[in-house]
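>>> Build me a structure from this.
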Amino acid sequence: MNKGRIFLFVSLFSLILFNNFLGLFPFIFTRTSHLTITQTLALPLHLVPQGTPTPLIPFIVCIKTIRNIIRPGTLAVRLTANIIAGHLLLTLLGNNGPTITQSLL
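Okay, here's the model as predicted:
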């Protein structure tokens, strides 16, 4: 692990730790409980592959966000197709089962 990444993670951890520590005091609302702060911290860390050129980062984040939104739908379609194929196979074998035994006799 190079020194730049270690510095990034230590500074990010320190920022989150300090902001959450402030929430222990009365009448102070932590910044990390806001959706904008957590999304700003999470999107570049989880949606940008390592080694991505800086000008392409916004496009990669958009593409990966759309991919993550569409993925449950495509998995549901694949699951439904597999279930229907299994039921269709059982129905075809069930309908042809008695004729197979009669033709063997």
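>>> Flag every buried residue along stretch 23-40.
Across stretch 23-40, burial judged by 16 or more other C-beta atoms under 10 Å covers 30, 31. C-betas here are computed from N, CA, C, even on glycine.
>>> So for that stretch, mean pLDDT?
Taken as a whole, stretch 23-40 carries a mean pLDDT of 84.
>>> Ok, stretch 57-66 next?
89.
>>> for residue 26, helix, strand, or coil?
coil (DSSP: H, G, I helix; E, B strand; the rest coil).
>>> Angles on the backbone of it, please.
Main-chain torsions, residue 26, degrees, to the nearest 10: phi -70, psi 150.
>>> Same question for residue 24.
phi -80, psi -20.
>>> Quick check: the gap between it and residue 18.
Using C-beta to C-beta, to the nearest Å, one gets 11 Å for the distance from residue 24 to residue 18.
>>> quick one, phi/psi of residue 49?
Given degrees, to the nearest 10, the pair of backbone angles that residue 49 has is phi -70, psi 160.
>>> need the contact list for it.
residue 60 (C-beta atoms under 8 Å, 6 or more residues apart in numbering).
>>> What does the pLDDT read for it?
As predicted, residue 49 sits at a pLDDT of 84.
>>> Okay, domains of this protein per the record?
Following the assignment in automatic domain parsing, the chain carries domains at 1-47, 52-105.
>>> and residue 58, what element?
Here residue 58 is covered by helix 57-104, with elements defined by DSSP states H and E.
>>> on contacts alone, who are the packing partners of that helix?
helix 35-47 (3 or more C-beta pairs under 8 Å, 6 or more residues apart in numbering; DSSP states H and E).
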